[in-house]
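A.B. asks: have a look; sequence and predicted model below, questions after that.
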Amino acid sequence: MRVRPFFWLLLLATSIGVIMLAVNYQPRLPAYIAVQMQSEHLQVHNTSDLLLHVMDTQGLPIDQAAIVSKARMTNMDMSSPDCHVIPLGDGRYQINMELTMAGPWSITIQTRANGFAPQEHTLMVNVV
């Protein structure tokens, strides 16, 4: 019995395709965000600090994550001028922001890290 060259080429192309897929495909694991507020009450025109813990599913810290934070009022078109993210190491990050007006605020935190699925967490706070 003789196998035609077309089938050998088909087998070779399929094998190369499967190997390339296995090399290039990397599943994205979920990451967990734990947010802790430094003070119980957020005050107008004072720097508000949020402490983040970013970890994987096994509880190991994720360093070098890209974190973006945005704060905006929920009842009017106003946002915080700037939010600074300070990496503290060991998967901990500190977000400093100044909330300029009393009332309800929505703070959205987005995290991205290599090998992990992007995460988004929203906090609803009331500033006095």
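C.D. replies: Arrived safely, thanks for sending.
A.B. asks: neighbouring strands - and their directions - for the least confident helix or strand in the chain by mean pLDDT?
C.D. replies: Here the helix or strand of the chain ranked lowest by mean pLDDT, DSSP states H and E is strand 32-37, holding a mean of 73. Here strand 32-37 is paired, per DSSP bridges, with strand 47-55 (antiparallel).
A.B. asks: the strand it pairs with: which residues count as buried?
C.D. replies: Judged by neighbour count (16 or more other C-beta atoms under 10 Å), strand 47-55 contains these buried residues: 48, 50, 52, 53, 54, 55. Just so you know, the C-beta spots here come from the backbone N, C-alpha and C atoms, and that holds for glycine as well.
A.B. asks: off-centre distance for the following helix or strand past it?
C.D. replies: Next helix or strand after strand 47-55 toward the C-terminus (DSSP states H and E): strand 66-73. Chain-centre distance of strand 66-73: 11 Å, with C-alpha atoms, centre = their mean, to the nearest Å.
A.B. asks: for residue 48, which non-adjacent residue is closest in space?
C.D. replies: Excluding the flanking residues, the one nearest residue 48 by C-beta to C-beta, 6 or more residues apart in numbering is residue 42, at 4.8 Å.
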